[in-house]
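> Need the 3D shape of this:
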Amino acid sequence: MKKINNKKLLYYTYFLLSDLKIVQNLWKQLTGQEFRVSANKLTLLNSLPLLIDQVQVDNLDYSVFIYGNYLILEMLRETEEGFQTAITELEATVIATVTLIDDPKARLGETIILVSDNWLDSTEIVHQEVIETDSLFGPLHFVKTLNDEERHYYSVNTTLQIGEGLTGLRRFLPLMDKKIFIHNAKMRYIRQRTSQIINEADAIEQTVSQILLSSNAVRNNQPLTDVLEIEIEHLSKNYGILASYYRLLRESQGILDNSLILVTREARRIYGGRVQVNLQDYLAVCKNTTREVIQASERVNLIMGEIKAAIEVIRTQVDLLRSKESVELQHQFKKIMDQNTALQEKSLSLQVAAGFVEFIVIAYYSFSFWKYQSDPVIFDRIPGPLTFLVACAFAGVSVICTHQLAHERRFTKGLALSTAVIIALLALMAVLSSGLLF
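Numbers count the residues shown, from 1 in each chain. Purely as a prediction, here's the structure:
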């Protein structure tokens, strides 16, 4: 790198290696030349930035470096005017070209180092405050402005430099600032996402409260158990949503922690073991962001517990209602069974009565028919008890046979036996009527 003296302005901007074509186009617009990157330089892992190309155009020195998966564009401008004039000219030329080429915006941020043998005059740049730090290369001031999200200003007093001085700052400050820009972008995105998650989690919590308060309501003439089942399904869906949010928040915490480790690692190259002291305010912001994510994850986890408890409560209600319905069904079933038993008893009584009537009718007509078909003299010689027994036996077996035929509806052994007995009784009647025995 070219040695610089007196009042100078250093400008850095950062790109991902995947935006190489944008950087090549930008380089051509700024220098009028093209640079080609060898495959070896793109794949080489270096602990320090590797210079790809360097060109001087008028009073501007341009350099482009590769560091890991990033490209760093450096511009050095010596100036005899105030820094505000130099920055205005820089914005009208270099930064305007960068903005024009970089569409959509690919660069990660911008760093401007203001170098002089005195500290920056408070009238030269509109700023909010100056944060003093003590680096390994001498005092270093961070000039806080309203545009800190996209551009960082640093002020260097060359008369107070030690060690490698400005050379060391040029080597390591862009590396730290690049990590800070990346970490800031992650914090902004995660803060926004965390805020949205909290808002949705609060809305879900309110929904849970409303469900618990109205869980005993009957909607659209639906049974209460059906309503509760719908509420359980709704709560389960919300639980799944919060579970995914919880995983996102845990991942966000890991992302912030790992990103801050990288920032701290690069900061040690500038501040050594005094990173916590020199970056106290910035690290406090980082830790506060991480704490917000942790609190959000705890909040989401708490609401998940509430939903789980609500599901258990409603499921218990459903079980109780199901049990109550089951008991009612059992009572109704018992009542029906009792009614059925009573009907069966009545039916049995009617069947017995009908069977008895049938027996009397058959006995009467069979006896009358037997007497009508027999010789009166012979029939009178048959003992009365015998005719009575034969007629009753014939009537009884006939009733049994007809009932078997009605229930079985097929020829069985019992039906065959009944039929045989009927035939035998008819034969006995015929023998008795013939007078062979009496």
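> what's the least confident helix or strand in this protein, going by average pLDDT?
Within the chain, no helix or strand scores below helix 39-43, which has a mean of 61 by mean pLDDT, DSSP states H and E.
> what's downstream of that one, the next helix or strand?
strand 50-57 (DSSP states H and E).
> Any buried residues in that next one, and which?
residue 52 (16 or more other C-beta atoms under 10 Å). Where you see a C-beta, it was placed from the backbone N, CA and C, and this is true even at glycine.
> With stretch 367-382 instead?
In stretch 367-382, counting by 16+ other C-beta under 10 Å, buried: 367, 370, 374, 379, 382.
> just the strands in the stretch 101-250 of the chain please.
Applying DSSP state E, counting those that start in this stretch to the stretch 101-250 of the chain gives strands spanning 110-116, 129-135, 138-144, 151-157.
> can you give me how far the helix or strand harbouring residue 393 is from the chain middle?
Assigned by DSSP H and E, residue 393 falls within helix 384-408. With C-alpha atoms, centre = their mean, to the nearest Å as the basis, helix 384-408 stands 80 Å off its chain's centre.
> What about the spatially closest residue to residue 65 that is not a sequence neighbour, how many residues nearby?
Spatial nearest neighbour of residue 65, excluding adjacent residues (C-beta to C-beta, 6 or more residues apart in numbering): residue 49 at 3.7 Å. Neighbour count for residue 49, taken as other C-beta atoms under 10 Å: 22.
> Touching, residue 49 and residue 67? I think so.
Yes - using C-beta atoms under 8 Å, residue 49 is in contact with residue 67, at 4.3 Å.
> Report the set of residues contacting both of those two.
residue 175 (C-beta atoms under 8 Å, 6 or more residues apart in numbering).
> on that earlier part again, buried sites along the helix holding residue 393?
Within helix 384-408, the residues scored as buried using 16+ other C-beta under 10 Å are 387, 390-401, 404-405.
> Tell me the helix or strand right after that helix.
helix 413-434.
> quick one on the thing from earlier: tabulate the strands of the stretch 101-250 of the chain (TSV), appending distance to residue 306, mean neighbour count and mean pLDDT.
Shown next, in TSV, are the strands of the stretch 101-250 of the chain (distance: least, C-beta to C-beta, whole Å; neighbours: other C-beta atoms under 10 Å; pLDDT from 0 to 100):
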stretch	distance to residue 306	mean neighbour count	mean pLDDT
strand 110-116	47	22	94
strand 129-135	44	15	93
strand 138-144	42	19	94
strand 151-157	44	21	94
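> Indicate which one of the ones you listed is closest to residue 199.
strand 138-144 (30.4 Å; C-beta to C-beta).
> Give me the contacts around that closest one.
114, 119-120, 125, 127-134, 152-157, 160-163, 165, 169, 173, 270.
> now do stretch 351-364
Here stretch 351-364 makes contact (C-beta under 8 Å, 6+ apart) with 391, 392, 394, 395, 396, 398, 399, 402, 403.
> Just flag the most distant two among those residues.
Greatest spatial distance among those (C-beta to C-beta): 391 and 403, at 18.9 Å.
> buried ones in stretch 418-437?
Using 16+ other C-beta under 10 Å as the test for burial, stretch 418-437 gives 418, 421, 422, 425, 429, 432, 433.
> oh sorry, the question was meant for stretch 61-75
Those would be 61-67, 70-75, for stretch 61-75 by 16+ other C-beta under 10 Å.
> related to what we said a few turns ago, which of the buried residues of stretch 367-382 fall in helices?
367, 370, 379 (DSSP state H).
> Turn the residues you listed into a markdown table, including distance to residue 338 and pLDDT.
Output for these, formatted as a markdown table (distance: C-beta to C-beta, whole Å; pLDDT from 0 to 100):
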| residue | distance to residue 338 | pLDDT |
| --- | --- | --- |
| 367 | 43 | 79 |
| 370 | 47 | 77 |
| 379 | 53 | 74 |
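> how near is residue 248 to residue 172?
Distance of residue 248 to residue 172, given as C-beta to C-beta, to the nearest Å: 34 Å.
> Please say which of the two ends up with more neighbours.
A direct count of neighbours by other C-beta under 10 Å for residue 248 and residue 172 places residue 172 higher, at 22 against 18.
> any idea how far residue 163 is from the more buried one?
Taken as C-beta to C-beta, the span from residue 172 to residue 163 is 11 Å.
> so what's the residue with the largest distance to the centre of the chain up against?
For the chain, the largest distance from the centre (C-alpha atoms, centre = their mean) belongs to residue 377, which lies 106.2 Å off. Listed by C-beta under 8 Å, 6+ apart, residue 377 has no contact partners.
> Make residue 1 into 719 and carry on from there
Got it, first residue is 719 now, which makes that one residue 1095.
> In terms of helices and strands, where is it?
Secondary structure from DSSP H and E places residue 1095 in helix 1094-1099.
> Just the CA atoms of that helix, as CSV, please.
Provided in CSV are the C-alpha atoms of helix 1094-1099 (Å, rounded to 0.1, in the frame of the first residue of the first chain):
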residue,chain,number,x,y,z
PRO,A,1094,-120.8,-94.8,19.0
VAL,A,1095,-121.1,-98.2,20.6
ILE,A,1096,-117.4,-98.9,20.2
PHE,A,1097,-116.4,-95.4,21.3
ASP,A,1098,-118.6,-95.7,24.4
ARG,A,1099,-116.7,-98.8,25.4
